[in-house]
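1. Give me a model of this one.
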Amino acid sequence: MLTPPLLPETSPLFGLCICYPSPGVIERIGPDWDWIWIDGQHGEIGPSEILALVRACDLIRRPALVRVPGHDYGAIGSALDTGAAGVIVPCVDTAEQARALVFAAKFPPLGGRSYGSRRSIDLYGRLYAEKANAASLLVVQIETPLAIANVEAIAAVPGVDALFLGPDDIMLRRGFAMNTPRTPATLGDDFRAVAAACKRQGKKAVAIGATAEMAALAATLGFALIVGGTDVGFLATGSAAAAAELRRTHPPR
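-> Numbering: from 1, shown residues only. All right, here's what the predicted structure looks like:
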């Protein structure tokens, strides 16, 4: 489980997003990163495949955060029952929604998570629930203008551990085309709003460092977790570069 010492106060941890259901990818390139984001929302990863990916993260000793498809109580509990370090929940717009997610992700008395994770009991014993609330993270995604307007109230909800700015959805909802560059001009105010709310409420801020410029902005603002890339991106970039080099050095005759 992801424990507080793995969330330093002064320097960010850089994460790898996994979109394909391949434990081998985690074993091969996961050790390059500080933590792993398993995307069960938009990646090609189903509920039955999450456990194998979490086990791969355990093997390389990297904490796994599982993004669930939505706000469903059962899906959140199931993801945490794999022994993941925490869950990322998309599209959280209000404090009321955040409180419902705390109920799903945290054990009593803080929440209403159901006890009985087979894997957690096997690994940590029947008292695992006594430490689970502090040891596993509830990360809520801020992805709309409404969420930005409510960011302070969302960050103030007890049991919410971190706020994750979702750049694509928030830009889409503001009318930007999806090929619009993610820059401080287009997203800087949102980065600052999330960072400020997290700082005031004692929560952690999470961001995607899609470019060196945006990663630098996130680090400067004090974001604790920064996504540095995806399996998809590294696979596509490496393949395209290799193919281009071969065609450059061995042109058609």
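2. Run through the residues that contact residue 111.
-> Contacts here follow C-beta atoms under 8 Å, 6 or more residues apart in numbering; on that basis residue 111 touches 102, 103, 104, 105, 133, 159. In this view, the C-beta of every residue, glycine as well, is placed from N, C-alpha and C.
3. Give me the subset of those residues that lies in helices.
-> Residues of the contacts of residue 111 located in helices (DSSP state H): 102, 103, 104, 105, 133.
4. Show the buried residues in the contacts of residue 111.
-> Among those, those classed as buried by 16 or more other C-beta atoms under 10 Å are 102, 103, 104, 105, 133.
5. Give me the distance between the fourth one and residue 38.
-> Summarising the geometry, the distance separating residue 105 from residue 38, computed by C-beta to C-beta, to the nearest Å, is 16 Å.
6. just the last one next, same as before
-> Applying C-beta to C-beta, one obtains 21 Å for the distance of residue 133 from residue 38.
7. One more: the second one?
-> According to C-beta to C-beta, residue 103 and residue 38 sit 23 Å apart.
8. Now the residue nearest to residue 214 when sequence neighbours are not counted, what are its backbone angles?
-> Leaving aside its sequence neighbours, residue 214 sits nearest to residue 182 (C-beta to C-beta, 6 or more residues apart in numbering; 5.6 Å). Backbone torsions for residue 182, taken as degrees, to the nearest 10, come to phi -90, psi 110.
9. Quick check: residue 182 touching residue 212?
-> No. Residue 182 is beyond contact range of residue 212, at 11.6 Å (criterion: C-beta atoms under 8 Å).
10. Settle it for me: which of those two has more neighbours?
-> Neighbours were tallied for residue 182 and for residue 212 using other C-beta atoms under 10 Å; the higher tally belongs to residue 182 (17 against 9).
11. which helices and strands does the strand or helix carrying residue 248 pack with?
-> Per DSSP states H and E, residue 248 falls inside helix 231-249. Applying 3 or more C-beta pairs under 8 Å, 6 or more residues apart in numbering; DSSP states H and E, one finds that helix 231-249 contacts strand 13-18, helix 23-29.
12. Could you export the contacts of residue 111 to JSON lines, including columns for distance to residue 82 and pLDDT?
-> As requested, those are exported to JSON lines (distance: C-beta to C-beta, whole Å; pLDDT from 0 to 100):
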{"residue": "102", "distance to residue 82": "19", "pLDDT": "98"}
{"residue": "103", "distance to residue 82": "20", "pLDDT": "98"}
{"residue": "104", "distance to residue 82": "15", "pLDDT": "98"}
{"residue": "105", "distance to residue 82": "13", "pLDDT": "98"}
{"residue": "133", "distance to residue 82": "17", "pLDDT": "96"}
{"residue": "159", "distance to residue 82": "20", "pLDDT": "98"}
